[in-house]
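> here is my input, please return the structure:
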Amino acid sequence: MIRGGEDETTTEGSVTKEEEILVLYASQTGNSEQAAKDVCHQIPMKLTSGRIEQLTGCKDLKIVVTARHMQLDDFLEIEKAPWTRLVVICLSSYGVGQAPIGGYRFRELCDELLENSNCKGMLDGLTYAILGLGDSVYTTFFENPTATNDALKAAGATRVGALGQADASKDQLQVIADWIDSLWPALAAVLVQDPPTQERLQQMQQDTMKVCYRINPDLAPPKPATTTKTT
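Residues are numbered from 1 along each chain as shown. Sure thing, here's the model as predicted:
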């Protein structure tokens, strides 16, 4: 599937653009994971060519939008950070503002993005939306989503839509549903813009993994074994 929306397929003389949106999550209780699954399920239905035309006014648009969901740490550890130009993130906090299950490595990456000025501009070209979940009975309930949002911005990424704040002490499910509904105009507006090049997305991927390997050497591929010649 196309990461930046550049590849095209031709059917009966018409050109159709294909684009994938990644939906990433980290969840302690399963609520953030469920929100991510809901977003992922709705993307192909809410972002059809006809719907994008209604939302943006762009005519004669032929686009097929798909989505995949995965844990934030799987995105780094297994997938090796294959950024698409549009990413949706759903996550919560755990403990005293720490990352929940599936978000430890990504939080370490975010902390590095915030602390290291050399990472400025590393994610230029990335657009993201973010939903934070938690319970305001805990004073640090929104710390991890806030840190993640701040880190992505510091690295040059652009957020669309509001930073969602779904509080379990209030009507969390309704807030999640309203936030998801608010996504579609924001995402559609990005989809009709020129995407970053594949080269730019690949550079973002390489730069991201370089940072990950530096702060977590165990993530780096094993070095080739050296052999010694015997005489």
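> and the residue most central in space within the chain, what element?
Taking C-alpha atoms, centre = their mean, the centroid of the chain lies closest to Val87, which sits 3.2 Å from it. Here Val87, judged by DSSP states H and E, is contained in strand 86-92.
> list the helices and strands that strand packs on?
Under the contact criterion of 3 or more C-beta pairs under 8 Å, 6 or more residues apart in numbering; DSSP states H and E, strand 86-92 touches strand 14-26, helix 31-46, strand 127-134, helix 143-154, helix 172-191. Where you see a C-beta, it was placed from the backbone N, CA and C, and this is true even at glycine.
> okay, and the helix or strand of the chain with the least pLDDT?
Within the chain, no helix or strand scores below strand 8-11, which has a mean of 50 by mean pLDDT, DSSP states H and E.
> tell me the pLDDT of the residue nearest to Gly102 when sequence neighbours are not counted.
Leaving aside its chain neighbours, Gly102 sits nearest to Gln71 (3.5 Å; criterion: C-beta to C-beta, 6 or more residues apart in numbering). You'll see Gln71 listed with a pLDDT of 98.
> how about the one 10 residues further on?
Confidence per residue is given as pLDDT, and for Ala81 that number is 97.
> which stretch of helix or strand covers the residue nearest to it when sequence neighbours are not counted?
Once flanking residues are discounted, Ala81 sits nearest to Thr208: 4.1 Å by C-beta to C-beta, 6+ apart. Using DSSP H and E, Thr208 falls within helix 198-215.
> and that helix, what other elements does it pack with?
helix 72-77, helix 104-115.
> report the buried residues of the first one.
Put plainly, it is helix 72-77. 72-77 (16 or more other C-beta atoms under 10 Å).
> tabulate the CA atom coordinates of it in CSV.
Provided in CSV are the C-alpha atoms of helix 72-77 (Å, rounded to 0.1, in the frame of the first residue of the first chain):
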residue,chain,number,x,y,z
LEU,A,72,3.1,2.2,18.8
ASP,A,73,5.9,-0.1,19.8
ASP,A,74,5.2,-2.6,17.0
PHE,A,75,5.4,0.4,14.6
LEU,A,76,9.0,0.8,15.8
GLU,A,77,10.2,-2.6,16.8
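> packing partners for it?
Applying 3+ C-beta pairs under 8 Å, 6+ apart, one finds that helix 72-77 contacts strand 14-26, helix 104-115, helix 198-215.
> cool, the last one as well?
If you count contacts as 3+ C-beta pairs under 8 Å, 6+ apart, helix 104-115 packs onto helix 72-77, helix 143-154, helix 198-215.
> show me which positions of it end up buried.
Buried residues in helix 104-115 (16+ other C-beta under 10 Å): 104-110, 112-114.
> and the angle for that helix with helix 198-215?
100 degrees (axes from the mean of the first three to the mean of the last three C-alpha atoms, to 10 degrees).
> can you give the distance of helix 104-115 from its chain's centre?
14 Å (C-alpha atoms, centre = their mean, to the nearest Å).
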